[in-house]
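Engineer: Quick one, fold the following:
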Amino acid sequence: MNQVIEVVSLSELPVAAEKLLAICEGKKVFAFKGEMGAGKTTFIKAICEQLNVIGNISSPTFSLVNEYLTQSGEKIFHFDFYRIKSESEAYDMGYEDYLYSNSYCFIEWPEKIENLLPSNTVLVAISKVGEKRELIVDF
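Structural biologist: Predicted coordinates for the structure are as follows:
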């Protein structure tokens, strides 16, 4: 099933993040596709804020994964696979422990590990259309 969420300005991000979580209720693994600068990290930050993450939310470009905690003590994992060269690097970091943990997992550059994604992964394609963003959610 597909649904489109449009974001015209940064002020709409909280509502868009809330909408994504609502339409994908019960889903925990989200894969975000989009060109460099499309807004993947920015949107993941908005989702984490809706989930009441404590502390700084930033791109894990160099560490590959950031772990966040919510106010209720739940873990959230944020991945950026842009720099990996093969799926074996994801195996080496123990990707299964994260993606099958029943914690929220938000993945940037999932193309790099496409064969490793759980079958119930929500795909979110972000594209720039002028100044606005379109998020095509496949769940």
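Engineer: Check the offset of stretch 59-73 from the chain's centre.
Structural biologist: Stretch 59-73 has its average C-alpha position 11 Å from the chain's average C-alpha position, going by CA atoms, centre = their mean, to the nearest Å.
Engineer: hang on, I meant stretch 97-117
Structural biologist: Chain-centre distance of stretch 97-117: 9 Å, with CA atoms, centre = their mean.
Engineer: and it, how far apart are its ends?
Structural biologist: 12 Å (CA to CA, to the nearest Å).
Engineer: where does the residue most central in space within the chain fall, phi/psi-wise?
Structural biologist: By CA atoms, centre = their mean, the mean C-alpha position of the chain lies nearest to Phe106, the distance being 2.9 Å. Torsion angles at Phe106 (phi, psi; degrees, to the nearest 10) stand at phi -120, psi 120.
Engineer: Who is it paired with across the strands?
Structural biologist: Judged by DSSP bridges, the bridge partners of Phe106 are Phe30, His78.
Engineer: Tell me which residues touch it, please.
Structural biologist: Counting by CB atoms under 8 Å, 6 or more residues apart in numbering, Phe106 makes contact with Phe30, Phe32, Ile44, Ile47, Cys48, Ile76, Phe77, His78, Phe79. C-betas here are computed from N, CA, C, even on glycine.
Engineer: swap in Tyr100?
Structural biologist: Going by CB under 8 Å, 6+ apart, the list of residues near Tyr100 reads Pro118.
Engineer: Also Trp109?
Structural biologist: Trp109 makes contacts with Lys33, Asp80, Phe81, Tyr82, as judged by CB under 8 Å, 6+ apart.
Engineer: Pull up the gap between the first one and Ala125, please.
Structural biologist: Taking CB to CB, to the nearest Å as the measure, Lys33 and Ala125 are separated by 5 Å.
Engineer: Alright, that wraps it up for me.
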